[in-house]
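**Q** below are the sequence and a predicted model for it; my questions follow.
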Amino acid sequence: MEFDAAFLAPAWLSVAVASSKDGARPALDRTVCLEQFEAGMRITATDSYLLLTAWVPALDCEFDEPPELDERPVATAVAIDRHGRARGLLGHALGLVAEAAKAKTGERFVMQVRLGWVDAVDVDDRVSFAGMDPSFVVLELPDRERVKLRVFEGEFPSWRSILTGFKAKRTGAIALSPERVEQLAHLAKRQAATDPIRFELGGTSKGVRVSVANTTIEGIVMPVRWDFDIDGPRDDEAPNSDGETADG
């Protein structure tokens, strides 16, 4: 499937900010979940405390709206990018786009993504590759560079219910850990100055909804559970497999 680099590169790089980097959960360690639809691709990443997802339309696609979250993708793959090869190629493509815009050449850069047509198996809203042969995701800037990413064999965590179940709520205070603030700062760097990040509060110690204005990038960040009586943080609250916080 082909995409305009001006849309694919910033979306993928923004979402990848949420991927885990500690290796504790291999399914999340520098991975992105790619779901291919007829009209484009949904990209999702999470470290279980920050979730980001984005919709990227296919090149010259006539459909403006992303598919509903319950719509089944044509193909799904969890791509591993632990060495940063995909991020490097996407960063290069983003640089080409910026140079063309500065020079006002009107040039458009096409990127290709091939998932190997791995058939997804849904298990309670999770995508399982158990028992399947390893496959690859190919990301290419034609006539320039190509990277081949290994596919993770296992389950990517359920995340749709976290987004669909979110309800905005007024609350007294929300505390984010320094690691989450740093991740969100990296997300902000990936976006244009005219596209601010918006926050919707779900309640004290509940998820905070994150979205980037004028884009399809959105997600959830889980706050630190803060004990104001002792003026200090307690353990982080992470969403469980049912899409609720650990304390219900």
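**A** All right, it came through fine. Note that the coordinates shown come from a computational prediction; the quantities given were computed from them, not determined experimentally.
**Q** regarding the chain, what is its longest helix?
**A** Counting residues, the longest helix found in the chain (DSSP state H) is helix 85-103.
**Q** which helices and strands sit right next to that helix?
**A** Here helix 85-103 touches helix 5-16, strand 136-141, strand 145-150, going by 3 or more Cβ pairs under 8 Å, 6 or more residues apart in numbering; DSSP states H and E. From N, CA and C alone the C-beta is placed, and that goes for glycine too.
**Q** got the CA coordinates for the first one in CSV?
**A** Taking Å, rounded to 0.1, in the frame of the first residue of the first chain, the C-alpha atoms of helix 5-16 are listed here in CSV:
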residue,chain,number,x,y,z
ALA,A,5,5.2,10.6,3.3
ALA,A,6,3.9,13.9,4.5
PHE,A,7,1.2,12.0,6.3
LEU,A,8,2.8,8.7,7.1
ALA,A,9,6.1,9.9,8.6
PRO,A,10,4.8,12.3,11.2
ALA,A,11,2.0,9.9,12.2
TRP,A,12,4.3,6.9,12.7
LEU,A,13,7.0,8.9,14.5
SER,A,14,4.4,10.5,16.8
VAL,A,15,2.8,7.2,17.7
ALA,A,16,6.1,5.5,18.2
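**Q** so where's this structure uncertain?
**A** Across the chain, residues meeting the criterion (pLDDT under 70) sit at 117-134, 192-194, 225-248.
**Q** domains in this protein, by residue range?
**A** Domain assignment for the chain, taken from automatic domain parsing, gives 2-157, 161-236.
**Q** pipe those into a markdown table and attach mean neighbour count per row.
**A** Output for the domains of the chain, formatted as a markdown table (neighbours: other Cβ atoms under 10 Å):
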| stretch | mean neighbour count |
| --- | --- |
| domain 2-157 | 18 |
| domain 161-236 | 15 |
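**Q** any idea how far T164 lies from S158?
**A** Per Cβ to Cβ, to the nearest Å, T164 is found 11 Å from S158.
**Q** hang on, the earlier thing: tell me the angle the longest helix of the chain makes with helix 5-16.
**A** Here helix 85-103 runs at an angle of 140 degrees relative to helix 5-16 (axes from the mean of the first three to the mean of the last three Cα atoms, to 10 degrees).
**Q** what's the next secondary structure element after helix 85-103?
**A** strand 110-114 (DSSP states H and E).
**Q** list the contacts of G84.
**A** Shown in contact with G84 (Cβ atoms under 8 Å, 6 or more residues apart in numbering): R30.
**Q** circling back: can you tell me what sits against the longest helix of the chain?
**A** With Cβ under 8 Å, 6+ apart as the test, helix 85-103 has contacts from 5-6, 8-10, 12-13, 16, 79, 81, 106-109, 111, 139, 141, 144-147, 149.
**Q** the same query, at a cut-off of 6 Å, please.
**A** Applying Cβ atoms under 6 Å, 6 or more residues apart in numbering, the contact partners of helix 85-103 are 5-6, 9, 12-13, 107, 109, 139, 141, 145, 147, 149.
**Q** just name the closest of those residues to V210, please.
**A** Distance to V210 across the contacts of helix 85-103 (Cβ to Cβ) is lowest for L13, with 15.6 Å.
**Q** distance-wise, check that closest one relative to K21.
**A** Separation of L13 from K21 (Cβ to Cβ): 15 Å.
**Q** on that earlier part again, output the helices and strands packed on helix 85-103 as JSON lines; include the columns distance to R190.
**A** As requested, those are exported to JSON lines (distance: least, Cβ to Cβ, whole Å):
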{"stretch": "helix 5-16", "distance to R190": "4"}
{"stretch": "strand 136-141", "distance to R190": "17"}
{"stretch": "strand 145-150", "distance to R190": "19"}
